Each structure stands twice: as C-alpha cells, then as structure tokens.
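> let me see the structure of the following:
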Amino acid sequence: MTKLDQTPSLLRNDYQQPAVTHIRPLVQDLPTENIAELAVRAQQLTGVIPLWYGEGDLVTPEFIREAAKSALDDGMTFYIPNMRGAPGLSQALSNYQTELHGVPIAVDRSTVTPGGMQALLLALNVIVDLGQNVVYVEPQWPNIHNLIHLAGGEPRPVPLTLVDGDWTLDMEAIKAACDQRTRAIVFSTPANPTGWVATRENFEALLAFGRERGIWIISDEVYNRLYFDGRSAPSILQFAEPEDLVLTVNSFSKAWAMTGWRVGWLTHPASVAGEVAAMTQYMNSGTAGFVQAGALAAIEQGEGLALQMRDRCRHGIDLAYEKLSQVPQIVLPNKPKGGMYVFFSLANEPDSRVACRKILDEARVGLAPGFMFGKASRGFLRMCICRDPAQLETALDRMVESFRT
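Numbering: from 1, shown residues only. Model (predicted):
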C-alpha cells in the first residue's frame with residue numbers, strides 16, 4: 001500500500017475537488033454575470049453597434065502617444081523610485097487640481113495609480129477592515145459594490161430617487177444606512193450611469209455628517225471633465241479641508257481618451273501619504289514610467305482634448321434625446337448633467353436583460369442592462385453615447401425603427 005493509499009479518504013477526496021473551491025470565499029462570491037454575456041451573443045450577429053461599454057471610440061491623440069514613445073526611447077523602463085508618482089506628473093497633478101478647483105492641492109496629496117480602478121481599490125484597502133460596512137449611492141458602476149466586498153466590507157446601497165425627472169440624493173437615507181461599523185460613504189459625480197451631479201449642498205451635508213461620525217467620504221470623479229454646465233463638475237475638494245476624511249478617485253481614461261493606458265490618481269490627505277505609498281508598493285509597485293510620461297503630456301497639453309470629449313458627449317446626449325423621445329415606450333429622465341451615458345427605461349418592461357436582448361436582436365445595438373448597476377435600476381438600460389456621431393445616429397435610427405415595427 002502506498003502512502004497516498006494510507007491517506008484518510010476524506011482528505012484525498014478534498015484534494016480531488018476543483019482548485020476553485022480552495023480560493024478565498026470573498027473571491028468565489030464575486031459576480032461573473034456582466035456585459036460580456038451580451039457581447040458573446042453579439043458575436044453570432046452581424047453589424048452590431050456596441051454601445052454597452054463605458055469607453056469612447058477616439059484613439060488616444062498623437063501628442064500623448066509620442067510622449068510615451070519618447071520615454072521608451074529614452075530608456076524609461078525602470079522602477080519609478082517614488083512609487084506615488086514620477087516627480088513631473090506629481091507636480092503637474094498638483095498644479096492642475098489647484099487651478100481647476102480653485103483651492104491649493106499640494107504635491108503630497110496625490111498618488112498616481114494604474115487606472116481609476118486601482119485608485120478605488122487602494123482607497124478601500126487603506127481604510128476598510130473586515131466586519132465594517134461601506135454605504136454607496138446607486139445606480140452605480142458595479143465595480144464599486146464588488147470592490148467593497150473584495151476589501152472585506154459589507155456593501156450597503158442607498159438609491160438615488162427620481163423627482164420630477166431628476167435623479168436626487170436622499171441625505172436622510174444615507175444617514176439611516178450608517179451605523180457604528182460604517183467606514184465610508186462612496187458616490188460618483190458625475191455619476192455612472194445616471195449623469196447625476198453632486199451639488200454644493202450635497203457636498204456640505206456629506207462632509208458635515210462625515211466629520212460628526214468619523215466616516216470617510218470617497219468621491220469618484222472620473223467624469224469630472226465631462227460636465228455640460230462648465231469646465232468641470234463641482235468637486236468635493238472645493239469644500240473639504242486638507243485633512244478631512246476625504247478621498248477622490250480620478251482617471252485619464254475618459255476625458256483624455258486613454259482607457260487602455262490604465263493610469264489614474266487618488267487624492268488624499270497629506271498625512272496618509274506614507275501609508276498610501278506603502279500600500280502602492282505592495283499592490284503594484286507603482287505605475288510604469290512611460291505611461292506616466294503620456295499622462296503628463298495629457299494633463300499639460302490636453303485641455304483642448306478634454307473640452308472636445310465633453311462636447312462630443314454633450315452632442316451625443318442631445319442626439320439620443322432627440323431620437324429616443326420619438327418612441328412612446330421609452331421613458332427618459334431629464335437630460336443628464338454630465339458623463340457619457342443615456343440611462344432610460346421601457347414602459348411595461350421591468351427586466352432590463354430582456355429589453356437588451358430584444359434591442360440587440362432586432363436593432364443590432366448593444367446596450368448595458370440596468371440591473372448591473374443595482375436594484376434601483378433593474379428596469380433601466382445604459383447607452384454609451386461617446387461615439388462617432390454618424391455611427392451613433394445609425395444606432396439610434398435602428399432602435400427607433402425596431403420599436404415602430
């Protein structure tokens with residue numbers, strides 16, 4: 001008899017189970033149903049116009065690409081000693097945020113990250129412990145819910161409400177969702193997918209409550225420059241004190257057409273810079289130097305690009321509302337104040353998955369089902385409108401025609 005044969009049968013059977021059964025339960029619980037399911041279905045069809053992902057269709061402009069290429073040619077392929085960011089980009093972020101928001105944002109208050117996703121992951125892992133909870137505002141980009149879960153926190157959604165066609169924050173509902181174990185309140189502004197934009201009153205109420213209860217406020221401001229009533233949306237940084245429990249997440253992806261570059265930043269109190277640097281070391285050892293060179297060119301030379309992206313989104317939303325308002329079955333909230341999405345529902349169709357499949361099959365247009373963004377929006381559909389205007393118009397005409405037949 002071999003040693004293996006002498007092993008207790010229970011242990012042998014345990015090792016015969018699939019390896020996935022031995023990974024962390026928190027990871028096993030991560031949802032796998034996403035937009036990709038519809039994308040696989042789309043591969044079986046022809047001529048599909050994909051409007052489901054949160055991504056524009058402009059290639060990153062040449063001046064940004066050339067800056068990264070030059071950095072590569074100059075040998076910028078080594079570690080960046082200060083893992084919180086290359087000196088040039090760190091200073092540029094300080095200058096940019098100070099000028100944009102009208103308040104001083106010191107160099108040591110920002111940390112460069114491999115994308116906005118990493119900035120949010122970093123933020124949550126710095127402040128959330130097992131057994132704590134995080135309140136977040138929905139409808140919401142699903143990654144926020146899942147990252148709270150992955151950090152070991154309990155996600156607690158609080159829905160925006162539609163009041164006379166406008167998405168509205170219920171501050172009393174936010175307060176009611178918090179308890180002694182609440183570590184943070186998270187929201188997006190402008191929001192993905194609704195386009196809701198936090199007001200001065202919202203920020204001041206959140207800050208007052210956070211100060212009273214010792215709760216962190218995390219503001220996802222990735223769409224800050226895609227704002228239709230000015231150069232940028234209001235930011236919590238304009239109202240917070242430097243050492244308030246406030247973290248803001250940002251990214252080069254949207255306003256500078258750099259989704260595939262994976263570069264963003266986290267703005268935080270200066271006193272936690274050392275701890276954020278330590279977490280950065282263990283999570284990713286910093287962001288690639290040549291990528292940071294591209295980001296530096298974007299922030300120093302890309303103001304015109306950011307305004308172009310804003311105008312492209314505003315035109316897309318105007319076009320979508322003009323076309324979709326012709327369809328009686330489509331229920332449109334008031335126009336969003338920012339972002340790159342139109343978020344709407346269908347009368348008498350509460351299941352967004354059914355609606356998305358129908359539109360995909362009949363109009364050959366790919367939309368994202370609203371259930372992914374929370375229970376508050378399970379009957380809604382999200383359309384990304386940051387696309388070539390001619391292609392977007394074709395997609396909208398197809399949708400209108402499919403509802404008429």
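> got the domain ranges for the chain?
In terms of domains, the chain is parsed into 15-60+304-404, 62-302 (source: automatic domain parsing).
> what's the spacing between the residue nearest to the spatial centre of the chain and residue 148?
Central residue check for the chain by CA atoms, centre = their mean: the C-alpha nearest the mean position is that of residue 141, 5.8 Å away. To residue 148, residue 141 is 12 Å away according to CB to CB, to the nearest Å. C-beta: built from backbone N, CA, C; applies to glycine.
> if we can go back for a sec, mean pLDDT added to the domains of the chain, as TSV?
Listed next are those as TSV, based on pLDDT from 0 to 100:
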stretch	mean pLDDT
domain 15-60+304-404	91
domain 62-302	97
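> which of these is buried the deepest?
Ranked by mean neighbour count under mean count of other CB atoms under 10 Å, those are led by domain 62-302, which reaches a mean of 19.
> give me the contacts around stretch 368-378.
Counting by CB atoms under 8 Å, 6 or more residues apart in numbering, the neighbours of stretch 368-378 from elsewhere in the structure are 33-35, 38, 52-53, 138-142, 145, 157, 159-160, 193-194, 343, 345, 350-353, 355-356, 379-384.
> measure it end to end?
Here the two ends of stretch 368-378 are set 11 Å apart, with distance taken as CA to CA, to the nearest Å.
> with stretch 67-78 instead?
Here the two ends of stretch 67-78 are set 16 Å apart, with distance taken as CA to CA.
> kindly report the same for stretch 281-292.
Start and end residues of stretch 281-292 are separated by 16 Å (CA to CA).
> residues in contact with that stretch: which ones?
Residues external to stretch 281-292 that are found in contact with it (CB under 8 Å, 6+ apart): 68-69, 71-72, 76-80, 83-86, 88-89, 112-114, 118, 121-122, 125, 261-263, 280.
> taking the contacts of stretch 368-378 one by one, which sit in helices?
Counting by DSSP state H, the contacts of stretch 368-378 place 35, 38, 142, 145, 352, 353, 355, 356 in helices.
> could those residues go into a markdown table alongside distance to residue 204?
A markdown table is the format used below for the ones in helices among the contacts of stretch 368-378 (distance: CB to CB, whole Å):
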| residue | distance to residue 204 |
| --- | --- |
| 35 | 36 |
| 38 | 40 |
| 142 | 29 |
| 145 | 26 |
| 352 | 34 |
| 353 | 39 |
| 355 | 38 |
| 356 | 38 |
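> need the max-distance pair from the residues you listed.
Among those, the pair separated by the greatest distance (CB to CB) is 145 and 355, at 21.8 Å.
> could you pull out the helices in the stretch 101-250 of the chain for me?
For the stretch 101-250 of the chain, the helices defined by DSSP state H, counting those that start in this stretch cover 116-127, 142-150, 171-177, 200-213.
> save the ones you listed as CSV, and put in distance to residue 25 too.
CSV is the format used below for those (distance: least, CB to CB, whole Å):
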stretch, distance to residue 25
helix 116-127, 18
helix 142-150, 11
helix 171-177, 24
helix 200-213, 30
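> how far does stretch 392-405 sit from its chain's centre?
For stretch 392-405, the separation from the chain centroid amounts to 28 Å (computed by CA atoms, centre = their mean, to the nearest Å).
> pull the residues that contact it.
Under the contact criterion CB under 8 Å, 6+ apart, stretch 392-405 has outside partners 49, 51, 316, 319-320, 323-324, 326-327, 329-330, 358-359, 362-365, 385, 387.
> among those residues, which are in strands?
The subset of these located in strands under the criterion DSSP state E comprises 49, 330, 365.
> for the stretch 151-300 of the chain, what spans make up the strands?
In the stretch 151-300 of the chain, the segments counted as strands under DSSP state E, counting those that start in this stretch are 154-159, 161-163, 166-168, 182-188, 216-220, 246-251, 264-267.
> quick one: closest of those strands to residue 310.
strand 246-251 (15.1 Å).
> which other helices and strands does that closest one contact?
helix 116-127, strand 216-220, strand 264-267 (3 or more CB pairs under 8 Å, 6 or more residues apart in numbering; DSSP states H and E).
> redo that, cut-off 10 Å
In terms of contacts (3 or more CB pairs under 10 Å, 6 or more residues apart in numbering; DSSP states H and E), strand 246-251 is packed against helix 87-101, strand 110-113, helix 116-127, strand 182-188, helix 200-213, strand 216-220, strand 264-267.
> if we can go back for a sec, what's the overlap in contacts for residue 141 and residue 148?
Here residue 141 and residue 148 share the contacting residues residue 120, scored by CB atoms under 10 Å, 6 or more residues apart in numbering.
> distance of the residue lying closest to residue 237 once chain neighbours are set aside from residue 299?
By the measure of CB to CB, 6 or more residues apart in numbering, the closest residue to residue 237 outside its immediate chain neighbours is residue 101, 5.0 Å from it. According to CB to CB, residue 101 and residue 299 sit 14 Å apart.
> next one: residue 108
According to CB to CB, residue 108 stands 18 Å off from residue 299.
> likewise for residue 355?
39 Å.
> what's the separation between residue 43 and residue 50?
Here the criterion is CB to CB. By it, residue 43 lies 11 Å from residue 50.
> now do residue 318
Using CB to CB, we find residue 318 at a distance of 21 Å from residue 50.
> how about residue 197?
Note on residue 197: its distance to residue 50, by CB to CB, is 26 Å.
> same check, this time on residue 110
In terms of CB to CB, residue 110 sits 33 Å off from residue 50.
> try residue 256
According to CB to CB, residue 256 stands 21 Å off from residue 50.
> same question for residue 93.
With the distance defined as CB to CB, residue 93 ends up 32 Å from residue 50.
> try residue 85
The spacing between residue 85 and residue 50, counted by CB to CB, is 34 Å.
> can you check residue 295 too?
When distances are taken as CB to CB, residue 295 and residue 50 turn out to be 26 Å apart.
> give me the distance between the two termini of stretch 260-279.
Terminal residues of stretch 260-279 lie 23 Å apart, using CA to CA.
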